[in-house]
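In: Give me a model of this one.
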Amino acid sequence: MRVYRADLHTHTVLSPCGDLEMSARNIIDAAHAKEIDILGITDHNSTLNSQMIKEMGEDEGLLVLTGAEVTTREEIHCLCFLENRDELEEFQAWIEDNITRIPNSPQRFGYQVVVDSEDNIIDEVEYLLIMSLSKTIDEVERKVHELNGLFIPAHVDRSVNSILSQLGFFPPGLKYDAVEVTPYTEFETLSKNHPVIGNLPYIRSSDSHFLHNVGKVSTGLLLNELSFSEIRMALAGEGGRKVVH
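Out: Alright, predicted model coming up:
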């Protein structure tokens, strides 16, 4: 086994707040430059660019986790990852059925484009992707786990769009695979104030919207090989796999 470096929170040109340089080719090159082994593609409320980047990464020794950063009804951001194309497509359809739809204004919020492996624009999402879903955090978590995915509440210590900013506490009945903590907070201090997460694994990620931030923050994962199942085992602390800080 060895430690692999993972950055599990990355936005592409599909996110309205993502820089237009965040194309598949540029993101993969930036990940390689930062010696990242595992990359999570987490556009706001859409998975449409992630499968293509996964396929590109496979050819270059980069494991890409496909998913989205979902905004719940409470306006909590959650990282949601699905292993296979069928589950990813079902999750995408579920998001589309439940997102609050208002027209996007590219001049105000930014463009929301789907691209191919050669950076050609093949589609554009016309409704604003940073809106919330009609589903609660409990319902999002249940859907992700119904599809055998990984559910990780994002930047839980942040002052906006986090569990703590929106609820003020960590729901004890929620099934967390991990929590994401920003680089500015000590997890030990956070867990003392919120014992529910004391035994949970935590990750740190770049939440990159610009190329220079890809891989700037990462988490070590002790794995036997690069695979979704190995990451699941590491987050669960099974078989010697684990998160390394």
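
In: Show me the strands in the chain, by range?
Out: Under the criterion DSSP state E, strands of the chain are mapped to 2-10, 38-41, 63-71, 77-82, 113-115, 121-124, 150-153, 179-180, 202-203, 219-223, 242-244.

In: what's around the nearest residue to Ile53 once chain neighbours are set aside, how many residues?
Out: Once its chain neighbours are removed from consideration, Ile53 has its nearest residue in Ala24; the separation is 4.7 Å (C-beta to C-beta, 6 or more residues apart in numbering). (C-beta placed from N, C-alpha, C; glycine too.) Residues contacting Ala24 under the criterion other C-beta atoms under 10 Å number 24.

In: List the buried residues for the lengthiest helix in the chain?
Out: The residue-count maximum for a helix in the chain (DSSP state H) belongs to helix 85-98. Within helix 85-98, the residues that qualify as buried by neighbour count (16 or more other C-beta atoms under 10 Å) are 87-88, 91-92, 94-95, 98.

In: Using JSON lines, please lay out these together with pLDDT and distance to Leu129.
Out: As requested, the buried residues of helix 85-98 are exported to JSON lines (pLDDT from 0 to 100; distance: C-beta to C-beta, whole Å):
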{"residue": "Glu87", "pLDDT": "98", "distance to Leu129": "20"}
{"residue": "Leu88", "pLDDT": "98", "distance to Leu129": "16"}
{"residue": "Phe91", "pLDDT": "98", "distance to Leu129": "15"}
{"residue": "Gln92", "pLDDT": "98", "distance to Leu129": "12"}
{"residue": "Trp94", "pLDDT": "98", "distance to Leu129": "15"}
{"residue": "Ile95", "pLDDT": "98", "distance to Leu129": "9"}
{"residue": "Asn98", "pLDDT": "98", "distance to Leu129": "13"}
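
In: Identify, from those, the entry nearest to Leu62.
Out: In terms of C-beta to C-beta, no member of those lies closer to Leu62 than Leu88, at 17.5 Å.

In: quick one: which of the buried residues of helix 85-98 is nearest to Ala33?
Out: Out of those, the one with the shortest distance to Ala33 is Leu88. That distance is 27.0 Å, counting by C-beta to C-beta.

In: who's in contact with that closest one?
Out: Leu88 sits next to 47, 50-51, 66-67, 82 when contact means C-beta atoms under 8 Å, 6 or more residues apart in numbering.

In: Top of these by number of neighbours, please.
Out: Neighbour counts for the contacts of Leu88, by other C-beta under 10 Å, peak at Gly67, which reaches 29 neighbours.

In: Across the sheet, point out what pairs with that one.
Out: As for beta bridges, Gly67 partners with Phe81 under DSSP bridges.

In: contacting residues around it?
Out: The neighbourhood of Gly67, defined by C-beta under 8 Å, 6+ apart, consists of 40-42, 47, 50, 79-82, 88, 91, 149-150.
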